[in-house]
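Q: turn this into a structure:
(one chain, ligands or ions: 1)
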Amino acid sequence: KEKLVEIINLKKYFHVGRNEVLKAVDDVTFEIRRGETLGLVGESGCGKTTCGRTILGIYNSTDGQVLYNGQNVHKMSSSEKVKFKKGAQIIFQDPYASLDPRMTIGEIIAEGIDVHFKLKESERIARIDDLLEKVGMNSDFRSRFPHELSGGQRQRIGIARALAVEPDFIVCDEPISALDVSIQAQIVNLLIKLQNQLGLTYLFIAHDLSMVKHISDRVGVMYLGSLVEITESQELYRKPLHPYTKSLISAIPIPDPKVEEERQRIKLEGEVPSPINTPPGCKFVKRCSYAMDICGKVSPELKEVEKDHFVACHLYK
Ligand code: SF4
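A: Reported below is the predicted structural model:
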């Protein structure tokens with residue numbers, strides 16, 4: 001598949017305290033292919049949200065590049081930026097905080113339409129209603145306010161707002177984490193349906209591997225600012241290579257009690273180290289039961305160890 005977004009040695013550091021640096025995204029390289037869903041997972045604080053926002057240019061990068069259709073996102077002219085924002089959108093985690101409570105649903109959805117399209121009022125209303133329908137709602141909602149809606153309905157509005165400018169690419173930043181479990185599957189199914197209808201490309205950020213499995217073609221795993229493994233979704237679940245990925249996968253509950261009983265859970269040792277003072281060498285070294293001498297000294301590079309299966313670990317040559 002053709003590459004839509006290329007992330008090359010991307011770094012995003014934040015200065016904290018006096019002389020300390022938080023390496024939220026620390027030399028990350030991967031690609032997002034046109035029409036796919038790439039899941040990006042890891043514990044909170046691993047840098048996945050910062051990575052998504054730096055890809056969209058919401059944050060400047062500290063170093064490295066993000067190419068969207070071959071064009072450097074962080075070096076665009078202002079007119080190129082307007083065009084980029086039309087193509088690349090975001091759906092936020094918290095549907096309660098991300099919608100302006102003073103605006104009607106119609107006004108919220110129309111914001112992007114008004115920036116990018118010059119429409120007559122009747123066409124504008126028709127477009128809003130069409131978007132409401134696309135996300136499983138109807139024109140009755142156009143004059144309502146966010147506080148009148150449930151969490152799931154609000155997230156549907158967040159999706160309609162992103163779709164309003166006809167994007168190719170959407171960063172879905174933990175779009176289901178704040179929702180009830182019963183609603184989560186509905187939103188995921190809606191995202192899948194829209195992707196099939198509109199040919200969208202998603203970067204789907206989540207901390208929960210079990211839901212990512214249902215939506216992703218490929219999955220990348222982040223740990224303390226580094227991408228430690230990335231491959232096709234089935235392959236990752238069938239054959240995780242990085243010790244951290246193995247522990248994440250072994251923590252996913254299996255509904256069948258028989259399988260659950262026989263299964264060996266891999267417990268992580270130690271605490272998540274601070275992202276401010278990351279250890280030298282492999283960042284996972286303090287929690288890894290396979291750690292060797294070299295692990296504390298040399299940082300492992302992300303390498304393709306099997307076809308389209310990349311891992312950053314000294315266990316694999
Ligand atoms: Fe464990 Fe070493 Fe691999 Fe890091 S590089 S995950 S410490 S074996």
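Q: show me what from this structure comes close to the ligand.
A: 242-243, 282, 284-285, 288, 290-292, 295, 300, 313-315 (C-beta under 6 Å from any ligand atom). C-beta here means a position set from N, CA and C on the backbone, and glycine is covered the same way.
Q: ranges for the strands of the stretch 101-250 of the chain?
A: 169-173, 201-206, 218-223, 226-232 (DSSP state E, counting those that start in this stretch).
Q: format the ones you listed as JSON lines; extra columns: mean pLDDT and mean neighbour count.
A: Compiled in JSON lines, the strands of the stretch 101-250 of the chain are given as follows (pLDDT from 0 to 100; neighbours: other C-beta atoms under 10 Å):
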{"stretch": "strand 169-173", "mean pLDDT": "97", "mean neighbour count": "25"}
{"stretch": "strand 201-206", "mean pLDDT": "97", "mean neighbour count": "25"}
{"stretch": "strand 218-223", "mean pLDDT": "97", "mean neighbour count": "26"}
{"stretch": "strand 226-232", "mean pLDDT": "97", "mean neighbour count": "24"}
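Q: next, count neighbours for residue 19.
A: 6 (other C-beta atoms under 10 Å).
Q: quick one, what contacts it?
A: For residue 19, no residue meets the contact criterion (C-beta atoms under 8 Å, 6 or more residues apart in numbering).
Q: how close does it get to residue 276?
A: 11 Å (C-beta to C-beta, to the nearest Å).
Q: verify the stated contact: residue 204 with residue 40.
A: Yes - taking contacts as C-beta atoms under 8 Å, residue 204 lies within contact range of residue 40: 7.0 Å.
Q: is residue 100 within a helix or a strand, and which one?
A: Taking DSSP states H and E as the definition, one finds residue 100 inside no helix or strand.
Q: now render the residues of the chain next to the ligand as a markdown table, adding neighbour count, pLDDT and secondary structure.
A: Shown next, in a markdown table, are those (neighbours: other C-beta atoms under 10 Å; pLDDT from 0 to 100; DSSP: H, G, I helix; E, B strand; the rest coil):
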| residue | neighbour count | pLDDT | secondary structure |
| --- | --- | --- | --- |
| 242 | 26 | 97 | coil |
| 243 | 23 | 96 | helix |
| 282 | 28 | 95 | coil |
| 284 | 26 | 94 | coil |
| 285 | 22 | 92 | helix |
| 288 | 21 | 93 | coil |
| 290 | 13 | 94 | coil |
| 291 | 18 | 94 | coil |
| 292 | 12 | 96 | coil |
| 295 | 22 | 96 | helix |
| 300 | 21 | 97 | coil |
| 313 | 22 | 98 | coil |
| 314 | 20 | 98 | coil |
| 315 | 15 | 97 | coil |
